[in-house]
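Engineer: Let's see this in three dimensions:
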Amino acid sequence: MNIEKIKSQFPILKQKNRGKKLIYLDSAATSLKPLSVIEAESDFYKNYYGSIHRSVYELGEKATNAFEGARNKVAKFIGSKNGSSIIFTKGATEAINLVADAWGFANLTKDDTVLITEMEHHSNIVPWQVITKRTGATLDYISIKEDGTLDMENLKNKLTDKVKMLSITQASNVLGTINPLKEIINLAHQNNTLVMVDGCQSTPHFKIDVEELDCDFFSFSGHKMLGPTGVGVLYGKQDLLEKMEPYQTGGGMIKEVELQESTWNDIPYKFEAGSPNASQVIGLSHAIDFINELGINEITNHTEMLSDYAFKELSKIDGIIIYGPSHNSISIVSFNIDGIHSGDISQMLDYEGIALRSGKHCCSPLMSKLNISSCLRLSLYLYNDTSEIDLFIKKLNTTIAILS
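Structural biologist: Alright, predicted model coming up:
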């Protein structure tokens, strides 16, 4: 890939950070936006803004066609054969909450268990805490091993006939670990357990095929894959979505409304109450175009190369503790420097133009498991290159020398 050409398409990379050249190393939190995505939203507001699904005039028809075209594009992007399995939400957090509430409330009882892992993001923990408390069900955790990979034997032992739902990240936002999802889903389905997948970190980095995985639900966020904030996606198998009650109610998700009762619209509209987040959905459509033009396999190869290089260079630093596997991971390397607080390092690097995250990364249970209060996280994407890693390593070594 021509990285300089790619960089030129991200306006924010022309900005300075504390007066220095911006080195953005926090894409696991949120990715930067290419000009095509920014302009797509602006173009919608300027040239064909109208009320989605509700208008027969030309502006409304153009807006509706763009919105539904995005739905079909998303379906194809993640390997779904049917656009009606794609529900637009305001983010992956809402998508997981939707499943926890709409499926969980109707299907969980005090005799049931929801199984998640110790590496989950808060967004895939808290919704299940809430719904298991409401229904009396049990929430249990699959443990991780010292190398940051999932303990598959522990998973097999915990997959009892009481487990009705397994909700799991495809790739950890702290450890970078890529879970063996196909094997996990096969085991779960042999146990008559449904599987919800958090694909926030995986979807930007490698090819997703929900049909091949055979997952029951899959969620991801637009803002982590070059798209706007305020848009996410929930994929669900059609038979499950048909049986589920709405998560939110109001306009757009109904067929008929009478004084005392209402009937629901067909899927996916049953789960899309209110005026749609149209500009964000259209922006996401153009983010997918950007990714497709570069090629998802090329992006995978590039980010894997960057990750391997960063891991190798970081491993040379005295006193470093790296969390997570050295291979079979996405382009995330989380670490601490012995005796120095992660926040101090992050703050000092900021003044060198380097945007690097420190903290719990919305994974408090994982931090407890690792016996740390926080860590630094280097996360890379398609607009990064090895020269930025070299500069980061140089400035990190200087920072360590100052703070030691």
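Engineer: Count residues in the vicinity of residue 157, would you?
Structural biologist: Residues near residue 157, counting by other CB atoms under 10 Å, number 10. Placement of C-beta: from N, CA and C, glycine included.
Engineer: now it: how far from residue 112?
Structural biologist: 18 Å (CB to CB, to the nearest Å).
Engineer: now residue 372
Structural biologist: Taken as CB to CB, the span from residue 372 to residue 112 is 33 Å.
Engineer: Tell me which of the two has more neighbours.
Structural biologist: More crowded of residue 372 and residue 112, by other CB under 10 Å: residue 112, with 18 against 15.
Engineer: wait, what's in contact with the more buried one?
Structural biologist: Residues in contact with residue 112, defined by CB atoms under 8 Å, 6 or more residues apart in numbering, are 135, 137-138, 162-164.
Engineer: which pair in the residues you listed spans the largest distance?
Structural biologist: 135 and 163 (14.1 Å; CB to CB).
Engineer: Domain-wise, how is the chain divided?
Structural biologist: 3-25+297-403, 38-292 (automatic domain parsing).
Engineer: Just send these back as CSV, with mean pLDDT too.
Structural biologist: Shown next, in CSV, are the domains of the chain (pLDDT from 0 to 100):
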stretch, mean pLDDT
domain 3-25+297-403, 96
domain 38-292, 97
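Engineer: which of these is buried the deepest?
Structural biologist: The highest average neighbour count among these, using mean count of other CB atoms under 10 Å, belongs to domain 38-292 at a mean of 19.
Engineer: mind checking how far the residue of the chain most remote from its centre is from residue 265?
Structural biologist: Residue farthest from the centre of the chain, counting by CA atoms, centre = their mean, is residue 259 at 40.3 Å. Noted for residue 259: a distance of 19 Å to residue 265, by CB to CB.
Engineer: repeat for residue 110
Structural biologist: Applying CB to CB, the value for residue 110 to residue 265 is 33 Å.
Engineer: returning to that earlier point: check which helix or strand the residue farthest from the centre of the chain maps to.
Structural biologist: In this assignment (DSSP states H and E), residue 259 forms part of neither any helix nor any strand.
Engineer: Find the nearest non-adjacent residue to residue 66, please.
Structural biologist: residue 282 (5.3 Å; CB to CB, 6 or more residues apart in numbering).
Engineer: Surely the one you found forms part of a helix?
Structural biologist: Yes. Checked against DSSP: H, G, I helix; E, B strand; the rest coil, residue 282 lies within a helix.
Engineer: Compute the distance between it and residue 25, please.
Structural biologist: 29 Å.
Engineer: repeat for residue 377
Structural biologist: 8 Å.
Engineer: Thanks a lot, catch you later.
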